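Asker: got a predicted structure plus its sequence, pasted below:
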4 protein chains.
Amino acid sequence: MTSPATQEITIADWHETLVRVRYSETDKMGIVYYANYLVWFEIGRAEYCRARGFSYRDMEEDDDAFLVVAESYCRYKAPAFYDDELLVRTHITELRRRSLRFGYEIIRASDGHLIAEGETRHVITDSSGRVRSFPEAYTHLLLAPPLVKSRTTGDLVPLKEGPE
Amino acid sequence: MTSPATQEITIADWHETLVRVRYSETDKMGIVYYANYLVWFEIGRAEYCRARGFSYRDMEEDDDAFLVVAESYCRYKAPAFYDDELLVRTHITELRRRSLRFGYEIIRASDGHLIAEGETRHVITDSSGRVRSFPEAYTHLLLAPPLVKSRTTGDLVPLKEGPE
Amino acid sequence: MTSPATQEITIADWHETLVRVRYSETDKMGIVYYANYLVWFEIGRAEYCRARGFSYRDMEEDDDAFLVVAESYCRYKAPAFYDDELLVRTHITELRRRSLRFGYEIIRASDGHLIAEGETRHVITDSSGRVRSFPEAYTHLLLAPPLVKSRTTGDLVPLKEGPE
Amino acid sequence: MTSPATQEITIADWHETLVRVRYSETDKMGIVYYANYLVWFEIGRAEYCRARGFSYRDMEEDDDAFLVVAESYCRYKAPAFYDDELLVRTHITELRRRSLRFGYEIIRASDGHLIAEGETRHVITDSSGRVRSFPEAYTHLLLAPPLVKSRTTGDLVPLKEGPE
């Protein structure tokens, strides 16, 4: 793309986090109620940020940047049940100056079944709801490889793919 | 029906019902949390059915037909706030033998602002989750005009458009 | 007030409002999940205020007074089911300078069964969480009889008990 | 104890599990909405069972025993905030043939503050809602010390207090 204001990426690294289905998340059909998948997507986003070295809470409170949801989509492929352990897989599918998109997969840990997949689009705003550009520091962190504990020093260091 | 497997309709009558935003539906941003819109869509579906003369509960319990959600989509256009009265507008955008789609609009009653619009796709199943065809009686009801109280007799009768 | 710190009342008028059980409020047992009763209590409080001529939202936003929950109690006497219409009955059981208590009953409209009863205790705070005394104007409104539409003028007037 | 039908215990071992506050659990006051504490209590119960060697899900599905909530109580002592890590501490405070009580504490992990404490009382029923006695096998498990991984064999073995 020619515009310097836009940085598109096909697919960033997936981040994975586990949730366990709560009794409150089921409905009388005996399966998870469909709105709760959007709650898990939100957990996926928060943990994606944490794995890149910052908390979404701090970004809101310290840097006045909010990821307001502009669109949500979910495709439900198989039911999830009470007490299931689910893998929430999250990645960034588009990063622009004032908006970004996350993609998600929900996979049951016990059998590897794909339960759902979805997407959310977000606009960056300040606390009063005005659209603003993404704080530069966070842009770099979001696209950086996730941080992992170094086997040698114990410090948090960027994950390197390939042989060490 | 000439095409036995498919009955498509461009747009059926909209049904309108009111919800009031609950404190529990807001989040720390001071606006409604995005997953709650899907809950309002569900209320829209239930009231759409009731306005056509049947309760979704009875369809599940008496006729073993469940509208399992296969896809959900929502576009958030303006925030909704605590205690707002919202008009949930619901209509059917596609009706097939074993699936259907609902479309929705959420409008703030006080100022007429369009807050959100969305869509859900459903597959008809029995209580064990097996796909089945839609009970014929309900197909007719879903596409019939909504029932209203007759001004003369007080009975529930189909709404007639145009001059009486 | 003779007792400057305390104004106790045995039982104020009950206010009644209707809620209909949402699909999202049920769980895999086929009945309403127990935490949702506290959400209905909150609706009862908000409608109690509205019936006395003010909105809880305005009290928060215009007068910086928040009813922070300090205690909640609920006794579940019979299950509630999807699509049930429930009467939420709310009254004030104690009103002090910096705290108050609400009592609740949840009754199924179709058969009059008592589904649950409960209580919440609240402390008045400002938006920063500091305890403050209740704004005087609201104290009067909370204990006043509810407002009803006058049969003669159509204006909102205090409900008078007994013969008119 | 004289009555063979009743087995009362003052305090059983506490079980501790961690939850992280979700964005969906906050409200416009910027703190956790009060009904969500009951959801965390439920997680505490489920994890208490798991630590004693059985899943609550299996008890429902394999042994037709449900812990229906009869009463809930919560005292809110300090607010919890988005992204807080909270320790949910759960123990059994009373175990009878057909009912039991759990006690809870919610503690913020970062500063050790007691956020809330509460209690729930449950009646044992079958899937049709009829009161029944607690399956004997589970009674023993509930009161047994929690299982831990043996340091020597890696097997799950009862936790022994005191020196090994």
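Answerer: Everything's here; your move.
Asker: and chain A, which of its residues are near chain D?
Answerer: Within reach of chain D by C-beta under 8 Å from any C-beta of the partner chain, chain A has these residues: A:22-24, A:39, A:42-43, A:46, A:55-57, A:81-83. C-beta here means a position set from N, CA and C on the backbone, and glycine is covered the same way.
Asker: could you write me a ChimeraX select line covering just the buried ones among these?
Answerer: Burial among those is assessed by 16 or more other C-beta atoms under 10 Å in any protein chain shown; the matching ChimeraX selection reads:
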select /A:22,23,24,39,42,43,46,56,57,81,82,83
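Asker: among the residues of chain A next to chain D, which are in helices?
Answerer: Residues of the residues of chain A next to chain D located in helices (DSSP state H): A:39, A:42-43, A:46, A:56-57.
Asker: turn these into TSV, columns for pLDDT and distance to residue D:96.
Answerer: Compiled in TSV, these are given as follows (pLDDT from 0 to 100; distance: C-beta to C-beta, whole Å):
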residue	pLDDT	distance to residue D:96
A:39	98	36
A:42	98	41
A:43	98	38
A:46	97	42
A:56	94	45
A:57	95	43
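Asker: go ahead and flag the most central residue of chain A.
Answerer: For chain A, the residue nearest the mean C-alpha position is residue A:45 (2.5 Å; C-alpha atoms, centre = their mean).
Asker: is it true that that one touches residue A:59?
Answerer: No: counting by C-beta atoms under 8 Å, residue A:45 does not reach residue A:59; the two are 11.1 Å apart.
Asker: ok, which stretches of chain A are helices?
Answerer: Ranges of helices in chain A, per DSSP H, are A:36-51, A:56-63, A:136-143.
Asker: and the residue nearest to residue A:38 when sequence neighbours are not counted, what is it in contact with?
Answerer: With sequence-adjacent residues excluded and distances taken as C-beta to C-beta, 6 or more residues apart in numbering or on different chains, residue A:38 is closest to residue B:35, at 3.9 Å. When contacts are counted by C-beta atoms under 8 Å, 6 or more residues apart in numbering or on different chains, residue B:35 touches A:35-36, A:38-39, A:42, D:24.
Asker: partners of residue A:131 in the sheet?
Answerer: Note on residue A:131: beta-bridge partners residue A:125, judged by DSSP bridges.
Asker: tell me the contacts of it?
Answerer: Residues near residue A:131 by C-beta under 8 Å, 6+ apart: A:98, A:123-125.
Asker: so how far is residue A:26 from it?
Answerer: Residue A:131 sits 38 Å away from residue A:26, taking C-beta to C-beta, to the nearest Å as the criterion.
Asker: what is residue A:15 paired to in the beta sheet?
Answerer: Listed by DSSP bridges, the beta-bridge partners for residue A:15 are residue A:90.
Asker: surely it touches residue A:90?
Answerer: Yes: at 5.0 Å, residue A:15 counts as touching residue A:90 under the criterion of C-beta under 8 Å.
Asker: neighbour-wise, which of those two wins?
Answerer: Relative neighbour count places residue A:90 above the other of residue A:15 and residue A:90, with 26 against 20, counting by other C-beta atoms under 10 Å in any protein chain shown.
Asker: who's in contact with that one?
Answerer: Going by C-beta under 8 Å, 6+ apart, residue A:90 touches A:14-17, A:41, A:44-45, A:47-48, A:102-104.
Asker: going through the residues you listed, which ones are buried?
Answerer: Burial of those was assessed by neighbour count (16+ other C-beta under 10 Å); the buried members are A:14-17, A:41, A:44-45, A:47-48, A:102-104.
Asker: pick out the lowest-pLDDT one from those.
Answerer: Checking pLDDT across the buried ones among the contacts of residue A:90, the minimum falls on residue A:14 at 92.
Asker: distance check, it against chain B.
Answerer: 22 Å (C-beta to the nearest C-beta, to the nearest Å).
Asker: ok, residue A:135 next?
Answerer: 17 Å.
Asker: for that residue, phi and psi?
Answerer: phi -60, psi 130 (degrees, to the nearest 10).
Asker: spell out which parts of chain A neighbour chain C.
Answerer: Within chain A, the positions near chain C by C-beta under 8 Å from any C-beta are A:23-24, A:26-28, A:30-31, A:33, A:35, A:82.
Asker: let me have these in JSON lines, extended by pLDDT.
Answerer: Shown next, in JSON lines, are the residues of chain A next to chain C (pLDDT from 0 to 100):
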{"residue": "A:23", "pLDDT": "98"}
{"residue": "A:24", "pLDDT": "98"}
{"residue": "A:26", "pLDDT": "98"}
{"residue": "A:27", "pLDDT": "98"}
{"residue": "A:28", "pLDDT": "97"}
{"residue": "A:30", "pLDDT": "96"}
{"residue": "A:31", "pLDDT": "97"}
{"residue": "A:33", "pLDDT": "98"}
{"residue": "A:35", "pLDDT": "98"}
{"residue": "A:82", "pLDDT": "98"}
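Asker: in TSV, list these along with distance to residue D:135.
Answerer: TSV is the format used below for these (distance: C-beta to C-beta, whole Å):
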residue	distance to residue D:135
A:23	19
A:24	24
A:26	22
A:27	26
A:28	25
A:30	21
A:31	25
A:33	29
A:35	34
A:82	19
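Asker: for residue B:70, state which of those is nearest.
Answerer: The shortest distance between residue B:70 and any of the residues of chain A next to chain C, using C-beta to C-beta, involves residue A:31 and amounts to 12.9 Å.
Asker: does that closest one touch residue A:78 like I think?
Answerer: No: if you go by C-beta under 8 Å, residue A:31 and residue A:78 don't touch, sitting 9.4 Å apart.
Asker: the more surrounded of the two?
Answerer: Shown here are residue A:31 and residue A:78; by other C-beta under 10 Å, residue A:31 has more neighbours (20 against 14).
Asker: now the more buried one. Nearest residue, chain neighbours left out?
Answerer: Take residue A:31 and drop its neighbours on the chain: the residue closest to it by C-beta to C-beta, 6+ apart is residue A:79, 3.8 Å away.
Asker: run through the bridge partners of residue A:120.
Answerer: residue A:72, residue A:102.
Asker: residue A:69 is in contact with that one, correct?
Answerer: Yes: the pair formed by residue A:120 and residue A:69 meets the contact definition of C-beta under 8 Å, at 5.7 Å.
Asker: neighbour count winner among these two?
Answerer: A count of neighbours by other C-beta under 10 Å puts residue A:120 above the other of residue A:120 and residue A:69, at 26 against 23.
Asker: and that one, what is it in contact with?
Answerer: By C-beta under 8 Å, 6+ apart, the contact set of residue A:120 is A:38, A:41, A:45, A:69, A:71-73, A:101-102, A:104.
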